[in-house]
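# Got a predicted model here, sequence first, then my questions.
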Protein chains: 2
Amino acid sequence: MPYVGAFLHPSLHALQIYGANTNVGKTIASTVLCRALRSRRKGAAVRYVKPVSTGPDWEADDGHITRHAKGVESTCLFQFDEPVSPHLAARAAGRPLPDATIVQSLHACLHSHASRSLSQLSHTLVETAGATLSPAPSGSLQADLYRPLRLPVLLVGDPKLGGIGATISAYESLRIRGYDVDGVVVFREGDAHADRRYGNYEYLREWFWKEGRRVPVWGWEMPPERHVDEKQDEKNLSGYYGGMENVEEVRNVMGRMEERHDERIKEVQSLPQRAHERVWYPFTQHQGRTEKDIMAIDSAHGDFFQTLSPPSTSHSAPESNKASESSAPPSLLSPLFDASASWWTQGLGHSNPSLAMAAAHAATRYGHVMFASGAHEPAVGLIEDVIQTLGNERLTRGFYSDDGSTAMEVALKMGLSAWERRTGIARGTDKEGEETLILGLTGSYHGDTIGVMDCSEPGVYNEKVSWYRGRGFWFDYPTVGMKDGKWRVEVPDSLKAELGEGMVADELAGVFDLEARQDDRKRYEAFILETLKTEIQEKGKRFGALIMEPVILGAGGMFFADPLFQATLVHTIRSNPSLFSDHTNPSDPRDWRGLPIIFDEVFTGIYRLGRPSAASFLGVTPDISAHAKLLTGGLLPLSLTMASESIFNAFLSAEKSEALLHGHSYTAHPMGCEVGRESLRKLGELEREGEDWGAWKRDWAADREVGQGEDSRSGQGLASTSTDVWSCWSKQFVGRLSGRDDVERVWALGSVLAVTLVDRAGSGYTSTATAGLQRKLMAEAATYGWGVHSRVLGNVIYFMASQTSTSEVLAGVETMIWRSL
Amino acid sequence: MPYVGAFLHPSLHALQIYGANTNVGKTIASTVLCRALRSRRKGAAVRYVKPVSTGPDWEADDGHITRHAKGVESTCLFQFDEPVSPHLAARAAGRPLPDATIVQSLHACLHSHASRSLSQLSHTLVETAGATLSPAPSGSLQADLYRPLRLPVLLVGDPKLGGIGATISAYESLRIRGYDVDGVVVFREGDAHADRRYGNYEYLREWFWKEGRRVPVWGWEMPPERHVDEKQDEKNLSGYYGGMENVEEVRNVMGRMEERHDERIKEVQSLPQRAHERVWYPFTQHQGRTEKDIMAIDSAHGDFFQTLSPPSTSHSAPESNKASESSAPPSLLSPLFDASASWWTQGLGHSNPSLAMAAAHAATRYGHVMFASGAHEPAVGLIEDVIQTLGNERLTRGFYSDDGSTAMEVALKMGLSAWERRTGIARGTDKEGEETLILGLTGSYHGDTIGVMDCSEPGVYNEKVSWYRGRGFWFDYPTVGMKDGKWRVEVPDSLKAELGEGMVADELAGVFDLEARQDDRKRYEAFILETLKTEIQEKGKRFGALIMEPVILGAGGMFFADPLFQATLVHTIRSNPSLFSDHTNPSDPRDWRGLPIIFDEVFTGIYRLGRPSAASFLGVTPDISAHAKLLTGGLLPLSLTMASESIFNAFLSAEKSEALLHGHSYTAHPMGCEVGRESLRKLGELEREGEDWGAWKRDWAADREVGQGEDSRSGQGLASTSTDVWSCWSKQFVGRLSGRDDVERVWALGSVLAVTLVDRAGSGYTSTATAGLQRKLMAEAATYGWGVHSRVLGNVIYFMASQTSTSEVLAGVETMIWRSL
């Protein structure tokens, strides 16, 4: 798949000329700049590119450049005859022109310019068409079309009446698309002209400099008015251009543009060293690390980071390779597919403009506003939307916090207090000092704050944390994976006596067909009951909540738990309330029974596994569930802990101190909530109408009917949940992977693909079995145009797409994985 | 102080007409709409307001409306003769016109229209001048000027070539200023016209409807071209207007606008009930609460929330009051000064446009990107900026997390591990199971996650949390406050034998003159040493860190700790390392000695107390400090834990498990970091150049020299820190408050004013002594035009300005406080 990333090159300064409006003098400004560049650096190549031109004007423009800026090479990439807006011209010509084609052609053109510019800095000016947001041939807005390249911008301001507003609006439209606007040129008239009346230049110069914007504005003499006599017109223009060449305001522009080019390069090149000195990285052992281990990110777009290329590939071609002199040195930036979905957060692509607009609107309608006793539409609306999305009739209340870890702290407080209050074991009255514990699964992980660290069994993540102590009991369980084309439920050896030998299925949906697995279910239930009796009755433990990541236990190691085991665990707890306390359980089916059931859907929820809620795979409705990561589509931190009315009611009291005394400063910040709403809207649209989604579902459903099935969401027990089990990773590819000798097993679900490599040196978090593969996938960038940035957990390497990744890109990733293994 | 809030009225629909460019037909569109409204509702008043007009055009516009839309009352509020942009016209006329004056006049005008519209819905169209972002008389951008009123917008699109881009850019500029754009009208030409070539209407209609925007676009027939003969011109126009009256596309507009008006009212009115059903509020006992306790926030701007007025004042005037029929029913919205700074977060005002722009740019340059092993400019730059801002030479490293609580969890892990590793008490080797504890002060609070809850002594916040247990020792200490015009350091009775009787000073700076208080210091040091010996040597406790909020202990009760006690505590720990372990302390003065010193500056730092760092008041450089809240100026969650190289080095090891294994998904999200940088830039500018800041410093320095003093930031010991002790609350007002019988004591520092009321019913968090005052301050809105929304902590009511609050607004708050007491 040809993918084109941002363009930044040490030997070519490419500058994109946008106009604040149509007819503001972009071509004249470009000509002036071309001439200034030619005279500034003798011998330096100066080129002019018009990517899209409509009407016969291109001939004129080309001629204009050729005539008035001698020695400048000019190119038009796509030409339409009809003298109308590109989207109409493309339609009229019956020649659709996809955005990607234009961007790829322009990139190739710039790359070719760069390859001919090894000795000194050369320049290419790229002139856009019409106003900043005029439509492209595909109908996209032009500034969106070119965004992947993220060229620096020189904006030609609007000198006319109303032009102040037009220029600032155009600037804002560029900024909120991630562009750097390096300068503004505006034509100003002399004493005799209207400029003195409009004052555009004076106003804009001040406005663009203040409030930290620091964008220089240059006022240039207005070109002569068009003369009816063509010859005279040419002569007038020629005089104008000649005069402009020595004007300081003109020379300053290109000097400043070159400075900005250098600054940008220095900025991204300095990042590794500056970060190495100043940043204390998360989850990172710093000993032995150097700045070379730091990936400098210049920008990101869609599924890709634009990262500083490693010095070996970007700075110069190897000397031994003589042929390299004729090929271009690679771009300073390499696109890397973000295969960790930036720690599992990305759903709608980096730099998504509609999420950014939602954020900016909330930021300026509200900013952040007090939420204790306050209410605003984004916060209330998002809870309503999440309730509808999850489809769990128990969940009626939302509590906001900032991240998955705090959402789980809240869930823990909710669950333990609800249990203690119903059973009368209120804290403070329990004089024995015995603690209420939680039930969970081994390999779980719920976040980094100490309270929720205590919800996981001792292990590498927590054993060195001073205040950590595991407060719970954790079940071992069967896991799911594919090997040699078969889906297998594998039972740990230690449990085979109780749980049997597991199962083998051709289709993943078979594993999720819980109704059909009655024998397993009985064995699981007996084992769970027996274990609980031992822990409670023999060992005297007291449990206050079940805490579980449904289906996939992420940070603990990407374990795919047998959904039947998880479902049976919940079912057993709810069916045997007297195990946990003598208190009579209420009869309302929406009340919690046995223990409050807490699902940590921070990773697994909100479409990560292909469904709005991971709980639906188990046919279980938890009493509490925690949501974060994809909740904001991947843009900024926000989390929600959803709870049932029964849990909520446990905190009602005449005493303020009985309330849930928790709340962070930015609780329910409007930006996060509004972005969350926009994100859910878009994800819901993808679920209903996404073309790729449809294809993936068909791919995974190939051998069976995709029926509507019963609505698995409302099930209380072990309803069938086998429909709608699919992945964006190709079924055939997963099958092929599973057949390799070096692959222990593999699974794919929703947007996640996890590959466990055979690790001959011994397994575990500290394993390095996958490091070689990671390196190879990154290095693809040097040869293939883009690479893959992945994360590993021990000997598991995983690949996580966003919900807007395309089949085309994912096929490319699959190719690279296969090649790199 | 007259302050004008957002306008939303049940009986008046005010609609603001913005143009995508100048000369796009705003006046003609307004005229068409006026006529449509007149014919739609017989008898309903329709009015037209031009707030600012330049040149003789107003006469023409007015005449135009009067002639072509009979029965429509038209008004111009401010008129300049010069036919140029308002900012030039005002300058030429030598008549500066502040934004506030225009907004107040327009508000008064709308209010007067509303007062005459009790029987049925009436309409006022407000036509702006030029393009959306054209300059106002003051030079502000027009869309910024009118933002306080936040009227719904009808945008008149640009039908010309380039108009697609101009219209979308204008829309974006409105959205990123918090406006609701309810619809777009664009003039389209018939078959014979250029419209078919430009296709603006067709394109815009589709664009504005898709991607969830759902903004309707109406295409109207282009008005006739201006005829040279004035009479004929009038006749043509008259015919045009007559024809437009019955066009469905015209009738639809006003129907839809009225619907949106109703929807907006219903939205804000429904919020309390919807929130009551769905939201689990932070720190809130829900029992007995009704939806009336919920403040619905429609928007916010500057220091003010725009909140739904209580039903008694907004829905109708009391029947007994006959006179009320002639006065207007109050607006649906009441402005409330945000006196909790939205839980202490606000620094640069709600809906700050430059913070929003920084956020939107980062969102579209990066979105969120992986930070483990990655580096991006906003994240690295913000750490560099914070290091410079804090001026603490020890702090060299930044660790990102999401909120104050997680920042303190990180600080705790850093501190305890650093101590345990140096002293050889590595977790796991300490077989006795003894825990390392922290030292702190009573009344401290460090956040809501369980780990940092354990850092505070048992109390109302944590006693009901199942897994809470205090793990530390907490000192009592002298506190500071003013009574009867004198600043007093008050020693708790239980400590008077050891610490003496405290002190009295005329100036707050006297309390901070630590050098001068040598006798107190000696007493404090002896007491601290004695206590530590008892706890460590006699009781056998093991301490691993000191954790302290410098100067003000916020959530615990707004306690103003004697800075000398805090400074002496640090000094004593650092001077007596052998107390804590036998390990030899390193000689580098930047290394931690005795214990790692952790300052929780989440509330007190980043200018909240008037200085970049609260530690500077103590002349102490902590080894670790935590920052959040004001770090992003009040817009969104982000936190930084800063650490010294000595702390950082404690985690270096060949073992990955020895690293700080902490990291949230959105660690160092670019939006937060970029907003943080913009916020620090602006706060630094205020510190250097803020006019109000200068006046406040002079106010508090009245009786003494404001010298440069020594640079208190670099001091290691007890350097003088007495300069630069000031508040934005007036010194005279604080003095007067302190003299009241019903005030126990008061203090002000930086932007915080805390008033402890005499509580005859007994003190504590659950006290309600302050509730009456809170209610009165809210109710001011009904009589005074705006009120104050405050938060209390027990019998302490506090008032917290943002760093951009003006003296004028604060004087108003002071007046209300005095009146309400």
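Perfect, I can see it now.

# Would you map the strands across the stretch 451-600 of chain A?
A:472-475, A:479-483, A:486-490, A:503-505, A:543-548, A:552-553, A:559-560, A:597-600 (DSSP state E, counting those that start in this stretch).

# Most tightly packed of the ones you listed?
strand A:597-600 (a mean of 29; mean count of other Cβ atoms under 10 Å in any protein chain shown). C-beta here means a position set from N, CA and C on the backbone, and glycine is covered the same way.

# could you measure the closest residue to A:L12 other than its chain neighbours against A:L332, distance?
Excluding its sequence neighbours, the residue lying closest to A:L12 (Cβ to Cβ, 6 or more residues apart in numbering or on different chains) is A:A114, at 4.0 Å. Applying Cβ to Cβ, to the nearest Å, the value for A:A114 to A:L332 is 10 Å.

# residues shared between the contacts of these two?
Residues touching both A:A114 and A:L332 by Cβ atoms under 8 Å, 6 or more residues apart in numbering or on different chains: A:H9.

# how about low-confidence regions in chain A?
Within chain A, the segments meeting pLDDT under 70 span A:1, A:57-61, A:117-118, A:190-196, A:311-330, A:426-433, A:702-723, A:761-768.

# Assign the residue nearest the centre of it to helix, strand or coil.
Geometric centre of chain A, nearest residue: A:Q346, 3.0 Å, by Cα atoms, centre = their mean. A:Q346 falls in the coil class when you classify it by DSSP: H, G, I helix; E, B strand; the rest coil.

# Surely it and A:A339 touch.
No. Proximity of A:Q346 to A:A339 does not meet the contact threshold set by Cβ atoms under 8 Å, at 10.2 Å.

# who touches both of the two?
What both A:Q346 and A:A339 touch, as defined by Cβ under 8 Å, 6+ apart, is the set A:M800.

# Leaving out the residues flanking it, which one is nearest to A:R278?
B:I383 (4.7 Å).

# Quick one: name the residues of the stretch 1-150 of chain A near chain B.
A:21-23, A:84-85, A:87-88, A:130-135, A:139, A:141-142, A:147, A:150 (Cβ under 8 Å from any Cβ of the partner chain).

# starting at the chain centroid, how far to stretch A:463-474?
Computed by Cα atoms, centre = their mean, to the nearest Å, the chain-centroid distance of stretch A:463-474 equals 32 Å.

# Can you name the residues that contact A:S625?
Residues in contact with A:S625 (Cβ under 8 Å, 6+ apart) are A:390, A:392, A:395, A:411, A:598-601, A:605, A:613, A:615, A:641-642.

# switch the cut-off to 7 Å
Applying Cβ atoms under 7 Å, 6 or more residues apart in numbering or on different chains to A:S625 gives the contacts A:L395, A:F599, A:E601, A:A615, A:M642.

# got the domain boundaries for chain A?
Per automatic domain parsing, the structural domains of chain A span A:12-268, A:277-333, A:372-476+A:539-691+A:707-714.

# out of those, nearest to B:G451?
The closest of these to B:G451 is domain A:372-476+A:539-691+A:707-714. By Cβ to Cβ, the value is 2.8 Å.

# what's the closest residue to chain B within the stretch 451-600 of chain A in contact with, if anything?
Nearest residue of the stretch 451-600 of chain A to chain B, counting by Cβ to the nearest Cβ: A:G451, 2.9 Å away. Neighbour list for A:G451: A:E409, A:L412, B:T449, B:I450, B:G451, B:W467 [criterion: Cβ under 7 Å, 6+ apart].

# ok, which stretches of the stretch 301-450 of chain A are strands?
With DSSP E, counting those that start in this stretch as the criterion, the stretch 301-450 of chain A has strands spanning A:304-308, A:333-338, A:374-375, A:395-401, A:437-441.

# A:P335: neighbour count?
Neighbours of A:P335 under the rule other Cβ atoms under 10 Å in any protein chain shown: 26.

# wait, it sits on A:F304?
Yes. Using Cβ atoms under 7 Å, A:P335 is in contact with A:F304, at 4.4 Å.

# Now list whatever residues contact both of these two.
A:Y3, A:G5, A:W786.

# which of the residues you listed has the most neighbours?
A:G5 (27 neighbours).

# distance of the residue in the stretch 651-800 of chain A positioned nearest to chain B from A:Y400?
Of all residues in the stretch 651-800 of chain A, A:G663 sits closest to chain B, at 2.4 Å by Cβ to the nearest Cβ. Distance from A:G663 to A:Y400, counting by Cβ to Cβ: 8 Å.

# and if you look at A:M816?
Distance check for A:M816 against A:Y400: by Cβ to Cβ, it reads 40 Å.

# Likewise for A:L638?
For A:L638, the distance to A:Y400 (Cβ to Cβ) stands at 7 Å.

# of those two, who's got more company?
Of the pair A:L638 and A:Y400, A:L638 is the one with more neighbours under other Cβ under 10 Å, namely 30 against 27.

# Would you check that the more buried one makes contact with A:T632?
Yes. Between A:L638 and A:T632 there is a contact under Cβ under 7 Å: 5.1 Å.
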